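Trainee: starting from these lines, generate the structure:
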Amino acid sequence: MATEDRVSEESNGRHESFEEKLDRNWNDLLQELRVMQTGAQIITAFLMTLSFQNRFDDLEAYQVGLYITLLAFSALLTGLIMMPVAIHRQLFGLHVKDSTVAQGHRIVKAAVLGIGLMATGCVAFIVDVVAGDRPAFIIGGIVLAIMLVMLWLLPRLLKRAVRSQRAED
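Mentor: Numbering: from 1, shown residues only. Below is the predicted model:
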């Protein structure tokens, strides 16, 4: 392969072509999707079994509404997590991996936040059923705040710190 087709070591610390970088990034995205898919599927399966429990009949109308919302959200989130693979299948062989990787990246970022919201909703729902409205709002709010810090704020701060460090070097 010609040297001009290679990405310079200074730009990313690797000796790889643009296509090799895209392949590596796509494989990284697939690994992240596998991790998220397992969690989303477990929560979705958990939600799907709840309506068959004896105690389900004791839920208040708003709790049933929250349950149905969480169930629908978890099913849609599972679909979102599978979306990059569906896109890849449709675009396979068209030599647009750069676009596929870029779209996959955006979808994975949305899915990470979606899983945080779904987990928060499940915690709030369970606490509401077990302990009532007030504890559900308090604990759900705390979990939501922590999820936002872990899944949105800290990664952004780390990215900023890395860019700042690189600018100083």
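
Trainee: just the residues contacting stretch 124-139, thanks.
Mentor: R55, L59, Q63, L66, Y67, L70, V123, G140, V143 (CB atoms under 8 Å, 6 or more residues apart in numbering). Heads up, the C-betas are built off the backbone N, CA and C, glycines and all.

Trainee: swap in 6 Å and give it another go.
Mentor: Contact partners of stretch 124-139, identified using CB atoms under 6 Å, 6 or more residues apart in numbering, comprise L66, G140.

Trainee: max-length helix in this protein?
Mentor: helix 97-131 (DSSP state H).

Trainee: which element follows it toward the C-terminus?
Mentor: Downstream of helix 97-131, the first helix or strand assigned by DSSP states H and E is helix 133-148.

Trainee: and the residue sitting nearest the centre point of the chain, how close does it get to F92?
Mentor: Note on the chain: the residue nearest the mean C-alpha position is V112, at 2.1 Å, using CA atoms, centre = their mean. In this view, V112 and F92 are 25 Å apart by CB to CB, to the nearest Å.

Trainee: could you do V143 as well?
Mentor: Distance from V143 to F92, by CB to CB: 39 Å.

Trainee: out of the two, which sits in the busier spot?
Mentor: Neighbour comparison, V143 and F92: the larger count goes to V143, with 18 against 11 (by other CB atoms under 10 Å).

Trainee: verify the stated contact: the more buried one with C122.
Mentor: No: counting by CB atoms under 6 Å, V143 does not reach C122; the two are 9.5 Å apart.
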